Each structure stands twice: as C-alpha cells, then as structure tokens.
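Undergrad: let me see the structure of the following:
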Amino acid sequence: MRLGSGTFAAGCVVIEVLGVALFLRGFFPAPVFSGTERQAESPPEPSAGASSNWTELPPPLFSKVVIMLIDALRDDFVFGSKGVKFMPYTTYLVEKGSSLSFVAEAKPPTVTMPRIKALLTGSLPGFIDVVRNLNSPTLLEDNVITRAKAAGKRIIFYGDETWVKLFPKHFVEYDGTTSFFVSDYTEVDNNVTRHLDKVLKRQDWDVLILHYLGLDHIGHISGPSSPLIGPKLSEMDSILMKIHTSLLSEERGALLPSLLALCGDHGMSEAGGHGASSMEEVNTALVLISSAFERKPGDVRHPTHVQQTDLAATLSVGLGLPIPKSNTGSLLFRVVEGRPVREQLRLLHLNTVQLSKLLQENVPSYKKEPGFEQFKVAERLHRSWVRLYLEGSNSEALANLGAKVRRQYLDALRMLRLSLTRRAAQYDVYSMAVGTVLVLEALALLLLGVPQALSSRAELDVPLLSPVLPLLFGLLLLALAALHVVVCTAVDSSCYLCGLPWLAAGGVMALTAALLCAGVSALTRIFAGGQCLTQTPPQSTSRWSELGLLSFLGTVGHVLSLGASSFIEEEHQTWYFLINTLCLALCHQIYRHCFLGDDCAPQRCPHTGEEFDGVAVARQGKRAGPEGWELSHAPKDPSSLEALRGPERWMVLASPWLVLACCRLLRSLNQTGVQWAHRPDLGHWLTSSDHKAELSVLAALSLTMIFVLVQKRCSLTSKVAVAFGLLGIYCYRAAIGNVLFPWQQDNKDISKGITEARFVYVFVLGILFTGTKDLLKSQIIAADFTARTVGLWEIHSGLVLLAALLLRPHNLPVLVLSLAVQTVMTQFIWRPLRHGAAAVTVMHYWFGQAFFYFQGNSNSIATVDISAGFVGLDAYMEIPAVFLTAFATYSGPVLWASHLVNFLTSEASSGSALRRACFCYALVCSVPVSVYIVMVTSLRYHLFIWSVFSPKLLYEGMHLLITAAVCIFFTAMDQTNTKS
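TA: Below is the predicted model of the structure:
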C-alpha cells in the first residue's frame, strides 16, 4: 500500500504523542498517599504496663486560629528590607513580639492549588496539579479543614475561590474572589477586608481563613520591584495588626490563647511569575503569632528553614485534631516547646506513628528504612520514660531520658520524611520504557522513510501484505505479552501499564510489535533490495547546499544542547543564534548570486530531485512530477535575481538585514530564561502604570499594522470582520484597564471585558467559517484555485485575530513583526531564491520556535500566561480554557506553520510540496522530543531533574501534541489539493 508522505508523517507523530503520554505517566510519580480510611482512634501512648494510660488526643493548644495567607509572599518581603520598611508591625512581632518565624520551603510546582493542598494535607502534590490548578476539583485527601469540620469547628473563609472549589461544603460562611483577573489588585483584596470588622466582633467561629491575591497580581503585572509592592505590603501589615489586636482583646476572658498564622503559598520570581523552583519562588514567609510564644528579654529568634508541609501537622495539633493520614511533614517543635514533657512526647509520638504508617503503605521494605528503625528505638525509650513517670520519679534521670526520647523522635521524624520524599521521586520505569520504545520506533520509521518521502512523488510503500510479517508480528506479540506478565508479577510497586485492562495493554503491545515489524521490513528492503535508494534520482548524490548543511548542523546542535541544564534554561539563546546565522547565510547566498554571478538555477532539495520553483506553477497536461511543471511567473532567464531591477532588487539585498533588525528589537522586548530574566526590558517599561499612554499608542499602532498586513489577501467580508475584530480587541483591553481611550484620563471603571472579548470571538469564528467555506468550495469546483488560497489565508487571518486578542498588549509588536518578517521572507527571499519545500519548512520551524521565546516564554512553568485561558469567560470551562492557554503560549509556532501551508499552497499547485513539508515538519519536531526523553531517562537522578528538566519535558510534550494537530491540518490540505 502506498501512502502520501504527509499522511505517513502525521500517523507517526500521533504515535509519538501516545508514547510521550505514556512516558509522562511513568516519569511523573504518583504522590505518596494513604489508602486506608481515617483512623477512628488515635494510637495510645507507649506504656510498659498491661493497658494504655493515654488513649485520647491531647487537648487543643489554641481556642481560635486565623490563617492569613498572602499569595506570593516570599520570605524577603517580611524578613528583608521591604519588610522593615513597609511592614513595621510585623517586623516588631518577628524581632521582639510573641511569635515564631520560619522560612517555609515550597516544593515545585509553585502554583496556588498544589501549595494549598500541601499546606492543609501535608502531602507533596505532583506536576499534574499544574493542570488541575486551572480548575481545582474537590479535595478528597484527608486534610485539616475536613478534620476540623468533622470535629464541629466552625470555619469562615474569604478570598481566592480556589478554596471554595477544594472545600465546597466546609465553610459556614464564605465569599470567594476570582484569582485569574490579574489586572485587579485593589478590589480583589478589599472584597476580603470588608468582612473583617464584622467577623472579628463575633464569637461564632473557630477558624478564620483569609486569602489575599493583590500582591500576586501586582507581581504578574509588573514584578517584585514594582512601586506598587510597598503600598500593598503596608496594607497587609495594617490588616495583620487589626486582626492581632482583636485577638489579644478577646483572650482576656478565654482559657486558651489564639493563633494567627501569616504565610504565603509560594514566592515570586524576579520576573513576577511563579511555578518553577528558583529561590525567590520556593522560599515563603511563615510567622506564627500567639501569646503562647512569649519570649524572655534578650531572646533573639531568627527565622529557621522548614518545609511548607510541616504546617498541616502543626495546625492539627494546635486545633486538637488527628494529623492528616497522607501528611509527610513534621510538627514544628518550637510550637509545643513550652508544654509539659509528657505532652511533648505524646505529640511527637502521634506524628511519628502517622509517618511510619504512611511509610508502611508505600514502601514494601519499610522495616529496612533507617527512619522506621529510629522510630522503634524512640518508642522503646518512650515506654521506659512513661514507666518512670507513672512511678512518680522526679529524678534527673527522668529529665535526661525525656530529652533523649525527644531527640530520638525528632531524628526519626526527619528520617521518615526523607524516606517518604525519596519515595515520591520513584519512577514507573516500565511505563517509561514502553513509551520510549514507541517514540523511538516512530522516529526510526520517519528516518527510514526519508528517501521515499522527499522524492518527486512524495509517497511511501507500506508493506502490509508481506507473507513474513504476520508470522513476525505474532512472535513479537507473544514475546511482549510474556515480558508484560513477568514485569507485572515481579515488581513490588504499582505500575500504570500493569493496572490497565488486558485489552488496553494488549493494544499497546500490538502497536509496539506492528511498528517493530514495519521497521524491520524497511531495513530489509534497504539492505536486501535497495528499493528505497533507487527511488532517489541521481541528483541526490550532489553535495548539500549551504542551507541544507546549516539546517542539519543547527538541528543536531540544538538536540545535543538539551543535555545541559544551563542550555535548557537559556534555550532562547540557541534559537536566537540559529535564526541570526540563518539570516547571515541567506545574505551570503543573495550577495553571491547578485555580485559574483553564480548559477542561480532552481535549487534541488537534498535527497530529492525536485525542482521547487517557489512561484506559481502550472501542470502541463497530466504529466506527473516536477518535469511536468512550467513556471508561469518566473522570468525566462535562469536567475530570477538577475531579472530584478530597481527598488525591488535593493529590497532583496536588504531583506536579511531587515529581518535581523526585527529580531534584535524583539529580543529587547521580553527578557526570558533565568540568567537575565530579572533585567529591565521594554515589556516591563510598557506595562508599568506610569507608561499606560505609551502602551495605548503602541497597541493602537500594532493593531492597525496587523490589519494592513493581513487584509491584503482576504475577501471583502473578511476584511470588514478583521477590522471590527481588531477594534473589539482594543475595546477589550481598555475595558480591563490595560490601555486607555484618547478621551480617558484613567481607567477606574475596569471590568472583566467579557462582552468585548465575546464580540471579538464572533468575528474570529466568522472568519474561520468563511475560510472553511471557501476550502469546501474549491473541492467542489476543481479549477477554483483562488478560492482555496483565499480560504487558507482567511483561516490564517482568523488565527492571527485570535492571537491578537489573547496576547498581552505589550506583546502585540511581536505579532506585528512576525507578520512583517513573513511578508519580507516571502516576497524577497523565498520567491527570488527559489528555495525547496524542505528548506522553507525548516526556516518556518526555526522562526516559529524563535517567536515562541520572543513572546517572553521560557522552559519554566512560571512564564505560562494562564489568564489567556479566561479571556471572555465568566466561569471556568475546561476545554476552552486549556485550548486558549495553549494557543496563546504556542501562537508563534502555530502561526508560522499556518503561514507555511499558505505559502506552499499559493506558490505551487502540486500537492507533493505539502506532503514533503508535512514530513519535514514532523521530522524536525520529532528528533528533539525523541532524544530528550532518552536524556531525561538517563538524567532522572540529576540535581535539577524537577526544577529544569521536568518542566521542559512538559513543554516538549505539549509542543508534540500541537505538531500532531499541525500535521493533520497539513494532510487535510494535501487531500484538498489532490482533489482540486
């Protein structure tokens, strides 16, 4: 059976997506959790006698608890110079008051929902919670809030609506505020504070939770160095003082003191985002304030480093509740340091028993763990201490033994926590291996198919009816099934593939066997009959062109760079270097042809004999292949460059330098990566509140230029729709407060802009519908070439309009210059130089990758603009939100791929150009992904595996998914071309 190279490539990429998904499922471990029901009774106190002396939970330490969570409160905002300057009351409490100060380390991913889970369950959330952060599901794990509600505690909450989604029926009173409307940093906090005066006077609550979002929103808008940070910290300081003084006044008649916990869920990077693992993002402030922590004169308490998960056990003890069963944190001992020794040991014993049970459920060989052995030693010593205590001994030996038991318990807690943390980093190697094999098999098929796929016909022979293949397939399937049974019965830990139904697991094994058979068949054809090689014309033996060699070396160099963490963090530099080198190579090629008189005959693609003219061509009769084409717009002279005269010739000479200038300007717009992300750039300058007028002018000019560059090939109806859509985009940005209208002095009346955004969506859908209608029309009327090209360009215009809506206003110049570079490259480089389809495809891919980073993206999760997923939505809808976020993030690669389809379709009537382009696009994307998952597997115990390599793996997986969609679009357009 013969397949077009585009269809073949699309199928291979879809298989790679399946393989990468399976690899990700095995690579990102399932979190450590307890599968047992909540214990009805607490473990008794160790006793040497026949019966236990203390079976109940210790009494609560505090009568009321107030949790004041300030989003993105990194440690230096409280303990650094900013805290001294803007939070004087908090600083006084930290340095001289009744408080305990900690620097709580948050594990990546540092986004809100996983951090709230860590604070309240004590567990370690996984990277899958990054996706769930968009729509927080109900929290089913055992946690402090659920325990408190079951104990009859009355809980009130005000703030981020994520809490309401996690705990939908737990609060007696609540008021949620949206966390994704990042332009608002005033009302979002006022909506929390307005309830305080009323609530603090009431006595009908036990736990009060306040989640303030304004600081985080300021960070997203203008970063931690913004002048808005200071006033916001002062506002938070005054709120804390109000709460603390109110609690102190109520304590006079209370039996127990109150607790005020000031904390942050995550920090803030120097760029203002969060999600990664830099020190600024993981170090958060934690201050526990209570009259129970009175200090003696001269008692200096410096902030100590703890884990953020330690707060769950501490809050449980403070409220007299059982510790959550999936907790991996340890009790902050300084909180109970003033309690009697017996109570201290009892609380430490409860925490240690809980961790040891969690270890037993998750580690089969738990008895060999040093933490468990330490726990048994501590428990034996604790039993001896209890016997001495009950005998009424008050000797020094009792005190010394008590101190020794305390040290043993603290050491056991530390060791148990380390064991559980290591367990959370274990991998499902079997699933990883199967996923890797699928990806490598698909890549091998792509590489083996290069000679046929890039030939003049762009078709491949797929031998499905060979008499040997069924036998080979059956043997391989039996061998894989036997291996599956052996692995699943031998491993101690849970495996995703082993937990699948036999039908699903059998499908994976059958696909693996089928791909292996196809690879063996292709290799046999090459070595035995040489049929693949004979498909290539003699011209394929000619030397590679300069651009071909540059494409090969650039791809190989980029792939090899992914093995170093520094190159991953600064990958944008790799792509900037590659496109700059590409522009210089094009400049050299143009100047050599113009001034040295080199032969400028149409180039032949490496490994093919195709002569791709780069201008409109027409078939002569029914002859197939390149020999049947004639140039309809090319000059009769062999060199189209020599035919150019006057300004057009000078534009060709200047075009590479013009593209270089555009790229250099875009590099100054958004600093990205790690090393230089903190440096000021044009984007920060434009987004500051002092330069809103300049941003407004730039946004208006950018939207105007987008219309000029897009409308030239649209129908009249689409031109009107684009114009109104771009006007609606400016109205939307003005509505949410990003830009100003000329008659506005300020934008106090900001809103979510839902009406304006939906107004733009109507025009986007209208343009896409018009383009699709023209494509269908071109299939019915086979000779209507214009309808097909106009339809494709209208689809491209609709995507451009959608990107303009979702991108931040300061990023609109990125979209403008992207369209300008596409126009310059089309008119003055690809057409005059007559580059082949493969070369044009590689250049589109490289520029798409570069514009991904020009937007300000990086390989850190912190740079994902999740607010784009909520443009025009008044409630969370999973599919639209994920689609919009993904499109906004990858708009650069998507728009360049869309332009590639337009260019090849409008310049050549042969469908083989699209097939070759689809194959090349799939190949240049598949090579980095395939090599990277092998590198990640070998580096899975690297120091930066979770902070650098893992986020990059998520980006590569998402990029491959988008590439699959692009290849399917290529294939659909190829079928349209063929039918037309």
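
Undergrad: who touches Phe919 in this structure?
TA: Residues counted as contacts of Phe919 (C-beta atoms under 8 Å, 6 or more residues apart in numbering) are 5-6, 8-9, 446, 449, 453-454, 458. Any C-beta I mention is one placed from the backbone N, CA and C, and that applies to glycine too.

Undergrad: got it, and Phe372?
TA: With C-beta under 8 Å, 6+ apart, Phe372 has these contacts: 356, 359, 366, 416, 419.

Undergrad: confidence score at it?
TA: Looking at Phe372, its pLDDT is 89.

Undergrad: after the host helix or strand of it, next one along is what?
TA: Assessed by DSSP states H and E, Phe372 sits inside helix 370-390. Toward the C-terminus, helix 370-390 is succeeded by helix 396-424 as the next helix or strand (DSSP H and E).

Undergrad: residues near Gln779, how many?
TA: 16 (other C-beta atoms under 10 Å).

Undergrad: phi, psi of it?
TA: Torsion angles at Gln779 (phi, psi; degrees, to the nearest 10) stand at phi -80, psi -30.

Undergrad: same question, Gly298
TA: Per-residue torsions, Gly298: phi 80, psi 0 (degrees, to the nearest 10).

Undergrad: same question, Trp743
TA: Torsion angles, degrees, to the nearest 10, at Trp743: phi -90, psi 0.

Undergrad: that one: neighbouring residues, count only.
TA: Residues near Trp743, counting by other C-beta under 10 Å: 5.

Undergrad: relative to Ala399, how far out is it?
TA: Using C-beta to C-beta, to the nearest Å, one obtains 78 Å as the distance from Trp743 to Ala399.

Undergrad: and if you look at Ser419?
TA: In terms of C-beta to C-beta, Ser419 sits 31 Å off from Ala399.

Undergrad: same drill for those two, tell me which one is more crowded.
TA: The neighbour comparison of Ser419 against Ala399 (other C-beta under 10 Å) goes to Ser419, with 22 against 13.

Undergrad: gap between that one and Ser365?
TA: Taken as C-beta to C-beta, the span from Ser419 to Ser365 is 11 Å.

Undergrad: still on that earlier bit, now tell me which of the contacts of Phe372 the prediction trusts least.
TA: When those are compared by pLDDT, Tyr366 scores lowest at 81.

Undergrad: contacting residues for that one?
TA: Going by C-beta under 8 Å, 6+ apart, Tyr366 touches 356, 359-360, 372.

Undergrad: Ser5 too?
TA: Contacts of Ser5 by C-beta under 8 Å, 6+ apart are 449, 452-454, 458-460, 915-916, 918-919.

Undergrad: out of those residues, which one sits closest to His195?
TA: Using C-beta to C-beta, Cys918 comes nearest to His195 of the contacts of Ser5, at 57.7 Å.

Undergrad: that closest one belongs to a helix?
TA: Yes: assessed by DSSP: H, G, I helix; E, B strand; the rest coil, Cys918 belongs to a helix.

Undergrad: go ahead and confirm it touches Ala964.
TA: No: using C-beta atoms under 8 Å, Cys918 is not in contact with Ala964, being 11.1 Å away.

Undergrad: shared neighbours of these two, anything?
TA: Residues touching both Cys918 and Ala964 (C-beta under 8 Å, 6+ apart) are Ala10.

Undergrad: so for the two, which residue has more residues nearby?
TA: Per other C-beta under 10 Å, whichever of Cys918 and Ala964 has more neighbours is Cys918, with 34 against 22.

Undergrad: residues touching that one, list them.
TA: 5-6, 9-10, 967, 970-971, 974.

Undergrad: inside helices: which ones of those residues?
TA: 5-6, 9-10, 967, 970-971, 974 (DSSP state H).

Undergrad: so which of the residues you listed is the most crowded?
TA: Ranked by neighbour count (other C-beta under 10 Å), the ones in helices among the contacts of Cys918 have Ala9 at the top, with 33 neighbours.

Undergrad: find me whatever residue is spatially closest to that one, sequence neighbours aside.
TA: Closest residue in space to Ala9, ignoring its immediate chain neighbours: Ala922 at 3.7 Å, by C-beta to C-beta, 6 or more residues apart in numbering.

Undergrad: any idea how far Ala862 is from Lys952?
TA: 13 Å.

Undergrad: what of Ala888?
TA: Applying C-beta to C-beta, the value for Ala888 to Ala862 is 15 Å.

Undergrad: cool, Val760 as well?
TA: 28 Å.

Undergrad: what do you get for Leu695?
TA: Relative to Ala862, and taking C-beta to C-beta, Leu695 is found at 23 Å.

Undergrad: equivalent analysis for His244, please.
TA: Distance from His244 to Ala862, by C-beta to C-beta: 33 Å.

Undergrad: try Arg422
TA: 26 Å.

Undergrad: which of the two has more neighbours?
TA: Ala862 (24 against 12).

Undergrad: can you tell me the SS state at the closest residue in space to the more buried one that isn't next to it in sequence?
TA: Spatially, and ignoring its direct neighbours in sequence, Ala862 is nearest to Gly273 (3.5 Å; C-beta to C-beta, 6+ apart). For Gly273, the secondary-structure state derived from three-state DSSP is coil.

Undergrad: and the helices in the stretch 551-700 of the chain?
TA: Remark: helices assigned in the stretch 551-700 of the chain by DSSP state H, counting those that start in this stretch are 565-569, 571-595, 647-669, 682-687, 692-710.

Undergrad: list the ones among the contacts of Tyr366 that fall in helices.
TA: 356, 359-360, 372.

Undergrad: most widely separated two among those?
TA: Going by C-beta to C-beta, the pair spanning these furthest: Gln360 and Phe372, at 8.1 Å.

Undergrad: what about the strands in the chain?
TA: 2-4, 65-70, 99-105, 155-160, 173-177, 207-212, 259-263, 283-289, 304-307, 459-461, 617-619, 629-631 (DSSP state E).

Undergrad: need the ones you listed in CSV (columns: distance to Ser715).
TA: Putting the strands of the chain into CSV (distance: least, C-beta to C-beta, whole Å) gives the following:
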stretch, distance to Ser715
strand 2-4, 30
strand 65-70, 53
strand 99-105, 58
strand 155-160, 46
strand 173-177, 45
strand 207-212, 50
strand 259-263, 57
strand 283-289, 55
strand 304-307, 61
strand 459-461, 34
strand 617-619, 24
strand 629-631, 28
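
Undergrad: returning to what we had before: I'd like to know how many residues surround the residue nearest to Ala9.
TA: 31.

Undergrad: quick one: it and Cys967 touch, right?
TA: Yes: the pair Ala922 / Cys967 is scored as a contact, 5.3 Å apart, by C-beta under 8 Å.

Undergrad: joint contacts of these two?
TA: Counting by C-beta under 8 Å, 6+ apart, the residues touching both Ala922 and Cys967 are 9-10, 13.

Undergrad: ok, so of these, who is nearest Glu280?
TA: Using C-beta to C-beta, Val13 comes nearest to Glu280 of the shared contacts of Ala922 and Cys967, at 37.6 Å.

Undergrad: for the closest one, which residues are in contact?
TA: 442, 922, 925-926, 960, 963-964, 967.

Undergrad: of these, which belong to helices?
TA: Filtering the contacts of Val13 for helices - DSSP H - leaves 442, 922, 925-926, 960, 963-964, 967.

Undergrad: got a markdown table for these, with distance to Tyr730 and pLDDT too?
TA: Below are these laid out as a markdown table (distance: C-beta to C-beta, whole Å; pLDDT from 0 to 100):
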| residue | distance to Tyr730 | pLDDT |
| --- | --- | --- |
| Ala442 | 45 | 95 |
| Ala922 | 38 | 95 |
| Cys925 | 35 | 95 |
| Ser926 | 40 | 95 |
| Leu960 | 35 | 96 |
| Thr963 | 33 | 95 |
| Ala964 | 34 | 95 |
| Cys967 | 35 | 93 |
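
Undergrad: in a markdown table: those residues, plus distance to Tyr932.
TA: Below are these laid out as a markdown table (distance: C-beta to C-beta, whole Å):
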| residue | distance to Tyr932 |
| --- | --- |
| Ala442 | 14 |
| Ala922 | 16 |
| Cys925 | 11 |
| Ser926 | 11 |
| Leu960 | 10 |
| Thr963 | 14 |
| Ala964 | 17 |
| Cys967 | 19 |
